[in-house]
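[1] pasted the sequence and its predicted model underneath.
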Amino acid sequence: MRKKGSSVIGMPIAISIATISLIAIFVCMVNFIVPFSIYQKIDNVATKYIYVIEKFGFLTENEKNNLLSDLNNKGISSNYVTLEYPSFKEPYGNLVTLKISYRYVFNMPRIMNNKIISNKKETVISVEKNSFSKIY
């Protein structure tokens with residue numbers, strides 16, 4: 001026969017453990033999804049500006065500033081962005097490449113010695129677009 005009142009203590013403990021576990025899983029999922037979201041934002045901007053490069057044969061300083069501004073508007077700090085692009089006019093038919101790299105600090109909490117520690121790892125998210133110069 002079961003003692004009365006044993007579930008009064010056990011049930012809240014079980015619910016607390018389950019809640020903490022679900023929160024930890026949710027935090028991990030969000031941390032894994034954020035880099036994909038950043039990649040999509042960078043990819044959209046890169047697609048827009050590869051058309052500019054293929055039209056003019058290079059990326060002007062003004063267009064470079066517009067590109068960085070578009071990234072800032074999408075929530076991507078230009079302080080962590082590096083760009084590789086043709087800065088001089090490429091002749092018709094030459095390959096033109098735009099590469100946008102973003103340094104992202106990946107925070108992953110982990111439990112060590114009964115303490116939650118934030119494990120920071122820097123990773124680079126890169127998008128590279130290629131096309132051909134269409135300027136004569």
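    Here it is on my side, so go on. Keep in mind that this is a model prediction, so the values were computed, not measured.
[2] can you list the residues that contact stretch 62-77?
    With contact meaning C-beta atoms under 8 Å, 6 or more residues apart in numbering, stretch 62-77 is reached by 38, 41-42, 44-45, 48-49, 52, 56, 59, 78, 81, 83, 85, 100, 102. To be clear about C-beta, it is placed using only N, CA and C from the backbone, and glycine gets the same treatment.
[3] so which of those belong to strands?
    81, 83, 100, 102 (DSSP state E).
[4] the second one - nearest residue in space that isn't next to it in sequence?
    Nearest-residue entry for residue 83: residue 100, 6.0 Å, with adjacent residues in sequence omitted and distances by C-beta to C-beta, 6 or more residues apart in numbering.
[5] quick one: which of the ones in strands among the contacts of stretch 62-77 has the most company?
    Sorting these by how many neighbours each has (other C-beta atoms under 10 Å) puts residue 100 first, at 23 neighbours.
[6] mind listing what's buried along stretch 80-100?
    Applying a neighbour-count criterion of 16 or more other C-beta atoms under 10 Å, the buried positions in stretch 80-100 are 81, 83, 85, 86, 90, 96, 98, 100.
[7] stretch 102-111 too?
    Under the neighbour-count criterion of 16+ other C-beta under 10 Å, stretch 102-111 has 102, 104 buried.
[8] next: stretch 30-44.
    Result for stretch 30-44 [16+ other C-beta under 10 Å]: buried residues 38, 41, 42.
[9] equivalent analysis for stretch 8-17, please.
    In stretch 8-17, counting by 16+ other C-beta under 10 Å, buried: nothing.
[10] biggest separation within the buried residues of stretch 80-100, which pair?
    81 and 90 (22.4 Å; C-beta to C-beta).
[11] and stretch 95-109, average pLDDT?
    On average, the pLDDT along stretch 95-109 is 89.
[12] hmm, I was thinking of stretch 67-74
    Rounded mean pLDDT across stretch 67-74 is 95.
[13] then stretch 122-136?
    90.
[14] re the thing from before, could I get the ones in strands among the contacts of stretch 62-77 as TSV with distance to residue 11?
    Listed next are those as TSV, based on distance: C-beta to C-beta, whole Å:
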residue	distance to residue 11
81	51
83	57
100	52
102	47
